[in-house]
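Chemist: Sequence and predicted structure below; questions after.
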Amino acid sequence: MANPEFYSGVLWRRVFAYAVDLVLLGVLWVVAFLLMSIAGLLSLGLLFPLIPVGLTLLPIAYHTLLIGGPRSATVGMQLFDLEVRSWTGTLPSYWQALIMTLLFYTTMSLTGFLILLVALFNQRGRTLHDYLSATVVIRRAPSVDLLIEERRA
């Protein structure tokens with residue numbers, strides 16, 4: 001909490017970022033379904049059983065690869081100036097991103113959106129899967145150029 005500007009407005013930004021990610025995942029899901037269906041037809045039906053597996057792994061791969069990547073944020077998070085950090089302040093590893101993603105989908109499937117109420121009762125807007133994966137979602141640090149321009153004004 002030494003830098004409260006990192007947590008200002010994080011909660012509502014997370015909600016809108018996730019909405020953007022859901023739309024993108026929907027588009028990716030449709031494209032993946034079409035490609036896997038074509039592959040299933042070309043294989044005379046042998047690959048059809050893999051469609052549910054592929055569609056299940058798609059959102060897990062999306063979140064894990066983007067959160068564990070160099071920007072440590074999904075596309076929606078990037079649009080709303082958010083990023084994920086480990087509890088120590090470093091970028092999360094792919095393993096930590098995978099754990100965070102699996103915990104998110106597991107807790108969401110078990111409780112629905114009720115599990116997200118945890119974020120309303122702490123100053124950092126952390127959810128249960130943030131606590132369990134030792135991560136925190138913060139606003140992206142402003143660049144040095146922006147800080148210099150603000151001080152001039």
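Modeler: Nice, I can see it.

Chemist: Mean pLDDT per element in the chain, and the minimum belongs to which helix or strand?
Modeler: Among the secondary structure pieces of the chain, namely its helices and strands, helix 144-152 has the lowest mean (mean pLDDT, DSSP states H and E), a mean of 44.

Chemist: Go ahead and report the secondary structure state at the residue of the chain most remote from its centre.
Modeler: Outermost residue of the chain with respect to the C-alpha centroid, by Cα atoms, centre = their mean, is L44; its distance is 36.3 Å. Secondary structure assignment for L44 (DSSP: H, G, I helix; E, B strand; the rest coil): coil.

Chemist: Could you report the separation of it from L57?
Modeler: 24 Å (Cβ to Cβ, to the nearest Å). C-betas here are computed from N, CA, C, even on glycine.

Chemist: what does I138 give?
Modeler: Between I138 and L57 the distance, using Cβ to Cβ, works out to 28 Å.

Chemist: What is the burial count for the nearest residue to A17 once chain neighbours are set aside?
Modeler: If the residues on either side of it in the chain are set aside, A17 comes closest to G76, at 3.6 Å by Cβ to Cβ, 6 or more residues apart in numbering. G76 has 22 neighbouring residues, counting by other Cβ atoms under 10 Å.

Chemist: mind listing the helices for this structure?
Modeler: Ranges of helices within the chain are 10-42, 50-67, 75-79, 94-111, 128-133, 144-152, based on DSSP state H.

Chemist: No more questions from me, cheers.
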